[in-house]
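**Q** Compute the structure for the input listed below.
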Amino acid sequence: MNLKILKIMKFLHLINKNTYNRKRHVLLIKNSVYFDAHYYMRQYPHTNWSQISPAEHYLTIGYKEGKDPSPFFSSQAYYNENPDVASVGMNPLLHYEKHGRNEGRSISATQQNNYSISMARNIYLYCTKFLGKMLYHTQIKKNQKARILVCVHLFYMEAWPIIQKYLENLSPYQYDLIVTYINTHHDEKTLDKIKAFKPNTIFHKYPNQGFDIGPFITVLQKINLDAYDIVFKIHSKGVNTAFRFVYNQIFKFDDWFYNLLDGILSGINCHKTIDTLLNNNKIGIIAAKNLIITDPKHKQTLTEQFAKQLHIDLPKNYHYIAGTMFALKSKCLMPTKNLHLQIHDFSETKRGTFSLAHAMERIICAQPEAQGYKILGLQTLHKHYWLEKYSWQRTSSLRLLEDKRFDLDADFFYKTLEFRRIKTYALKKIRIGDIKRRWIDGKLYTLNECAPFLYLTGNKKVYQDYCRVNSQTSKFDMSIKRFENLITSMKNGINTRQVPVIYGPQNILMDGQHRLCFLLHKYGVNYEVLCLHLDIDVHQNNKENKIE
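**A** This is a model prediction of the structure:
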């Protein structure tokens, strides 16, 4: 049975509303790209599946017991990132398929990561290690006294065996090892293995703040950079996501992780990296060539905002390593060290918001260029798949940033539009009374029912409650002070190129609520406003996950 048949049955009164909703929800779960029936059934080996379908079981029972619908969707992580959904107890995958996808909410894979080294990879690691020592015998002998520091952040402790394999390529050199990990969850057995591998390893544990960047920058305050020539920065990465989209590239499962490691620590590239950073005065930082990118406009804007607060001058069109594993001259880290940032300066690790950690990973990579050095990219043999350029550009939301007719808020674009596929877009005049706003309960509201409009009519309590809930769910703070500043700017004709953003035949609002409420209060429901209307491909995730 499909949704069309259900609708016909409901129309003909063959099923009641409750039955229709239940069956519709089962179909949404069953047809979701993030539901794997075989994976799910393995979590309940003694269940009689002839009495209940896996989709219906997850919809009614499984999610309440914390079960995941597939390795690529974590029920608990979705609740953690979307507390408004957790507060009402709605099935997380159902919420995502009904509302979260269109609202741009993020998802996470299950927390267990399957790090494994296949026979083919073991052969590859062994051969490249042997080949590297043979090809770079002279350079290794010359550079044996290099002063090297390796900083490893182990969020996923299970990644250590793979990282150890790559660190073994540094065996011809003397190097110091610092390992950081999260204080709330770590594995003592893994820490013992690290001590056995390198007894003088220094360990630091931190709260889960600032991703891998917060611990790395905090460690910089504890070490004497003048005691080292080269610093390697590496970290564990989750590998359970079926596909990762990274700047026009597609990586399967652990391919991005290996690509980053190969760029600086493969049996060949590790010697090339050390020799270049020691003996080439023009190169300051090295990473995998295909992962050295230039940020799109909105991320440059967000990074520049943090850099301005930190009094840092960024090079125009700075380069950045997507994945943040690199090796660099230790002196290139001095500007970062001199910021005196500590772990408590970073927010809790959480995806979906451009934070200080996101800005600093770019600033760290940009500092060598600011000091006059160049960035060098090394070739890797690891698999990645380039998206077909014309097809990508034809539907990429990034093309909105190049349109000179309007400006988009950088934070809104990062949270909501960055990975969307926009089939078409146009500037249209729309009657302000026809624009709708979807709130956290999933319902559609007219603008005169929204908190910013009610504030303008004198109801400050409703707006204060709105600000509290909104800061918890979207991490976007539109305080009364900011709203009043916006009102003042609009009265003075400032930001006239910033237009509200809507989508769909129902004119559902994505951005610009406060501006529209001000105009509605001033001119009424029949006033026409110029909006950016988007035709969004709501099935994009299904298509992207099928890329081979």
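
**Q** buried set for the helix or strand residue 516 falls within?
**A** Under the criterion of DSSP states H and E, residue 516 resides in helix 513-523. Neighbour counts over helix 513-523 (16 or more other CB atoms under 10 Å) mark 513, 514, 515, 516, 517, 518, 519, 520, 521 as buried. Heads up, the C-betas are built off the backbone N, CA and C, glycines and all.

**Q** And it, what does it pack against?
**A** Other elements packing on helix 513-523 under the criterion 3 or more CB pairs under 8 Å, 6 or more residues apart in numbering; DSSP states H and E are helix 451-456, helix 480-491.

**Q** contacts for the shortest one?
**A** Outside helix 451-456, the residues within contact range by CB atoms under 8 Å, 6 or more residues apart in numbering are 447, 462-463, 465-466, 478, 480, 483, 513-514, 517-518, 520-521.

**Q** ok, of the residues you listed, which one's closest to residue 272?
**A** residue 478 (50.0 Å; CB to CB).

**Q** number of nearby residues for that closest one?
**A** Residue 478 is flanked by 18 other residues according to other CB atoms under 10 Å.

**Q** contacting residues around the residue lying closest to it once chain neighbours are set aside?
**A** Distance criterion CB to CB, 6 or more residues apart in numbering; nearest residue to residue 478, sequence neighbours excluded, is residue 514 at 6.1 Å. By CB under 8 Å, 6+ apart, the residues touching residue 514 are 452, 478, 483, 486.

**Q** which of those lies closest to residue 421?
**A** Closest to residue 421, out of all of the contacts of residue 514 and judged by CB to CB, is residue 478, at 27.9 Å.

**Q** what does the average pLDDT come to for the helix holding residue 516?
**A** Averaging pLDDT along helix 513-523 yields 93.

**Q** All the helices of the stretch 401-548 of the chain, residue numbers only.
**A** Using DSSP state H, counting those that start in this stretch, the helices found in the stretch 401-548 of the chain span residues 410-412, 451-456, 460-473, 480-491, 513-523, 540-544.

**Q** Buried deepest among the ones you listed, which one?
**A** Among these, helix 451-456 has the highest mean neighbour count (mean count of other CB atoms under 10 Å), at a mean of 22.

**Q** pull the CA atoms of it into CSV?
**A** Provided in CSV are the C-alpha atoms of helix 451-456 (Å, rounded to 0.1, in the frame of the first residue of the first chain):
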residue,chain,number,x,y,z
ALA,A,451,5.7,36.3,18.5
PRO,A,452,7.6,39.2,16.8
PHE,A,453,4.3,40.6,15.5
LEU,A,454,2.7,40.2,19.0
TYR,A,455,5.7,42.0,20.5
LEU,A,456,5.0,45.0,18.2
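
**Q** chain center to that helix, what's the gap?
**A** Its chain's C-alpha centre and that of helix 451-456 lie 33 Å apart, by CA atoms, centre = their mean, to the nearest Å.

**Q** Show me the domain layout of this structure.
**A** What the record gives for the chain is the domain set 3-103, 119-386, 389-544, from automatic domain parsing.

**Q** picking up where we left off before, in TSV: the helices and strands packed on helix 513-523, plus distance to residue 177 and mean pLDDT.
**A** Listed next are the helices and strands packed on helix 513-523 as TSV, based on distance: least, CB to CB, whole Å; pLDDT from 0 to 100:
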stretch	distance to residue 177	mean pLDDT
helix 451-456	52	92
helix 480-491	46	86
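
**Q** Would you convert those helices into CSV that also reports distance to residue 166?
**A** Shown next, in CSV, are the helices and strands packed on helix 513-523 (distance: least, CB to CB, whole Å):
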stretch, distance to residue 166
helix 451-456, 52
helix 480-491, 47
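
**Q** Give me the contacts around the helix ranked longest in the chain.
**A** Ranked by residue count under DSSP state H, the longest helix found in the chain is helix 119-135. Applying CB under 8 Å, 6+ apart, the contact partners of helix 119-135 are 117, 140, 165-166, 168-169, 172, 258, 266-271, 381.
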